[in-house]
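# Sequence and predicted model, in that order:
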Amino acid sequence: MPLETTIAGAYPKIGDATEEQKLRRALHQLDKGEISDEDLDQLRNEVTEEAIREQIQAGLDIITDGLIRWDDPLTYIARGITGFEVHGLIRYFDTNTFYRQPIVETRLEYVKPILVSDFQFAQEKSTKPVKVVLTGPYTIAKLSRNRFYREFKQLAFDLAHILHKEAAALEEAGAKYIQFDEPALLNHKEDLSLFIKVYEILTAQLSKSEKILNLNFGTLESLYPKILDIGVERFGFDLSKGHKNWAVLKSASFAKKVMAGIIDARNTKMESESDLSQAIHDLGEHVSFEQVWLSTNHSLEFLPRSNAVKKMELLTHVAKQLREASV
Amino acid sequence: MTLLPTTSVGSFPKPEYLTKARFQSSKNQISRQELEELERKATREWIEFQDEIGIDILVDGEMYRGDMVTYFAENFKGFEISGLVRSYGNRYYRKPVAVAEIERVNPVTVEWFKFAQGLTKKPVKGMLTGPYTIMDWSFDEHYPSRRDFCLRLAEVVHEEAKDLEEAGAQHIQIDEPAVSVRPEELELAIEAMGIVTKGLKAYTLTHICYGDFPKIYPKMLDFPVNQIDLELSNNEFDLLGLFKKTPFTRDIGLGVVDVHSHRVESKEEVKARIQKALKIIPKEKIYVSPDCGLKTREVEEAKAKLRVMVEATKEVREAL
């Protein structure tokens, strides 16, 4: 189907209504020793189901598990890899949110699948395909502190091997879509050739799933079109109104599938339907609608849940109208 | 003023009775007047404490403020407050949302300044949040661009600064913790600060938290203020290396105690930090302060950190 809709990744863990705040309460209760880790897991499952249900209700075609179990983009993965220790809070890019910095203390090793059971849980609960979202090897390497490897590239290569195994395990479990988030590349464009090598390792012989490379927190300027050579099927980037990526798109023909971040998940202001339709038409000049996913430019966790819902509904509404118009 | 004047970045922890009262007030269990009475009591206690240990430039401790941005947004016209968004872990906050032209209907901080200044003979700083930070930490549903939003806020904050000056503030601090995050918008933050401080006769300063300083230094020195206050302890004074290469031309507020750690620094540690700075920056240009607001520490921790800061500074000062 043309113009399928999805979100970039995470979904708000709580809302403003009391019944939407059980996870927040549970974490307080866990701190006070009033509930067990198992109770918390149970609650995280419930909230994950809620996130799935709300995405489906909003009409999305491809959903995520909402990354409800993730504290931040780094630690959920880092804690699953031997060799990392997780330390103090650091600001995540130019946002007012934070992550705990993983520190590489010994050689990194893959022990067992990190996201497979989460994926299986979500797919079981969902009538729509679940896209697995994980932070890519380059960004994990870049945002961690390296106390073990002599060179940065050794760290990045080891992480690529580890996440390759993870992706293979996810494919094995039936994941149709695997998305790697690599925002750090856009701040370190000089590393493009290293990045390409990292992705040769990461994507080697992964043929069962569609792999998505998501690049936000910056522009593709000076990476494009060379970046398209990377062995993934789809590229995600920010195409919110006025974003510099619109100019970048004009500089070469777009040869792959796209996940177009046309909805701004960092501001509560609602896009107008006409602006969105215009954006999609403009995009149509570079790539066929069959190749397009429409999405948010960032994780929905930057918005209150009620605003996130409105934005998802707007996205699916506009996509539906355009699909009907083009039949 | 004495050499190496001691001061604070702004916020102090709220005593338990006040935290409790704020919670009760949010549930409408106590009246606005009852809450304000306790806010005044806590302010009085902090002013007395600062006087007692010999701090040179005082702050009111912000007993009546919650978040540094939301406080102003709640008091300016044109803002609404959003639903909850997560900052980290299980911590959530509400963001201001600009929904109409931002306007200041009445002075926001002036009465509190007058109250605090009336309690001491030492100067009390007027404390404001800068336009760039208010813009960056808010949603915007009204302005066509970040720049328009920021420059409008600059005019509004300027009105507040003028009124503080009028009320007798000799020092006015305009915090811009957000500027170290987006080097590409530094020009905008500097332009906005120019609007805030234009025509002020008071001594002005800005506080900037740790970010990617090498990317904004030395350009950051263009902030039109007399002093820039920096978080230095948290990064082991690495920044001083930068200042060796390109001299720090403004007065500096030297953060000498880490506000994120429970551990109270020893006097020797703090002295060593001040002495390290003295090797690179002329003594007339140095003010001594904690790294940042102390509001996240326990009351006793905050007091201990301030005490050691004052004692260490006195010893360094006497040896000069």
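Structure's in. What do you need? Residues are numbered from 1 along each chain as shown, chains lettered A, B, ... in the order given.
# Not counting sequence-adjacent ones, nearest residue to residue B:183?
residue B:215 (4.2 Å; C-beta to C-beta, 6 or more residues apart in numbering or on different chains). C-beta: built from backbone N, CA, C; applies to glycine.
# Residue A:45 now?
Using C-beta to C-beta, 6+ apart, the closest residue to residue A:45 is residue A:121 (6.7 Å).
# how about the one you found, secondary structure?
Secondary structure for residue A:121, judged by DSSP: H, G, I helix; E, B strand; the rest coil, is helix.
# which bits of the stretch 1-150 of chain A sit near chain B?
For the stretch 1-150 of chain A, the residues in contact with chain B (C-beta under 8 Å from any C-beta of the partner chain) are A:12-16, A:24, A:27-28, A:71-72, A:88-89, A:91, A:94, A:96-99.
# Swap in 10 Å and give it another go.
With C-beta under 10 Å from any C-beta of the partner chain as the criterion, the stretch 1-150 of chain A comes near chain B at residues A:10, A:12-17, A:20-21, A:23-28, A:30-31, A:71-72, A:88-100.
# Looking at those residues, which are in helices?
A:23, A:24, A:25, A:26, A:27, A:28, A:30, A:31 (DSSP state H).
# Quick check: the last one touching residue A:24?
No. With contact defined as C-beta atoms under 10 Å, residue A:31 does not reach residue A:24; the gap is 11.3 Å.
# Kindly report the residues of the stretch 201-327 of chain A close to chain B.
A:242, A:266-270, A:301-308.
# how about residue B:56, what does it touch?
Applying C-beta atoms under 10 Å, 6 or more residues apart in numbering or on different chains to residue B:56 gives the contacts B:1-2, B:4-7, B:50, B:122-123, B:287-288, B:310, B:313.
# Helix or strand for residue B:9, just tell me which one.
Per DSSP states H and E, residue B:9 falls between elements, in no helix or strand.
# What count of nearby residues applies to it?
Other residues within reach of residue B:9, judged by other C-beta atoms under 10 Å in any protein chain shown, total 26.
# So what does residue A:4 have for phi and psi?
phi -80, psi 160 (degrees, to the nearest 10).
# Model confidence for it, exactly?
Looking at residue A:4, its pLDDT is 98.
# Next: residue B:236.
For residue B:236, the model assigns a pLDDT of 62.
# can you check the one 10 residues further on too?
The predicted local confidence for residue B:246 comes out at a pLDDT of 92.
# and it, what is it in contact with?
So residue B:246 contacts B:217, B:218, B:221 (C-beta under 10 Å, 6+ apart).
# Residue A:266 now?
Contacts of residue A:266 by C-beta under 10 Å, 6+ apart are A:94-95, A:216, A:238, A:240, A:296-300, A:302-303, B:139.
# Nearest to residue A:43 among those?
Set against residue A:43, the nearest of these by C-beta to C-beta is residue A:300 (19.8 Å).
# That closest one against residue A:6, yeah?
No. Counting by C-beta under 10 Å, residue A:300 stays clear of residue A:6, with 11.2 Å between them.
# In chain B, which residue sits closest to chain A?
Residue of chain B nearest chain A, by C-beta to the nearest C-beta: residue B:83 (2.8 Å).
# got a list of what that residue touches?
Going by C-beta under 10 Å, 6+ apart, residue B:83 touches A:12, A:14-17, A:20, A:268, A:303-308, B:92, B:94-95, B:97.
# Touching, the residue nearest to residue B:183 and residue B:186? I think so.
Yes. Using C-beta under 10 Å, residue B:215 is in contact with residue B:186, at 8.6 Å.
# and these two? which has more neighbours close in?
residue B:186 (18 against 14).
# Beyond the strand or helix carrying the more buried one, next helix or strand please.
Using DSSP H and E, residue B:186 sits in helix B:186-197. Downstream of helix B:186-197, the first helix or strand assigned by DSSP H and E is strand B:203-208.
# so for that next one, what's the average pLDDT?
96.
# now for it, which elements pack on it?
The helices and strands touching strand B:203-208, judged by 3 or more C-beta pairs under 10 Å, 6 or more residues apart in numbering or on different chains; DSSP states H and E, are strand B:125-129, helix B:131-136, strand B:171-175, helix B:186-197, strand B:227-230, strand B:251-255, strand B:286-289.
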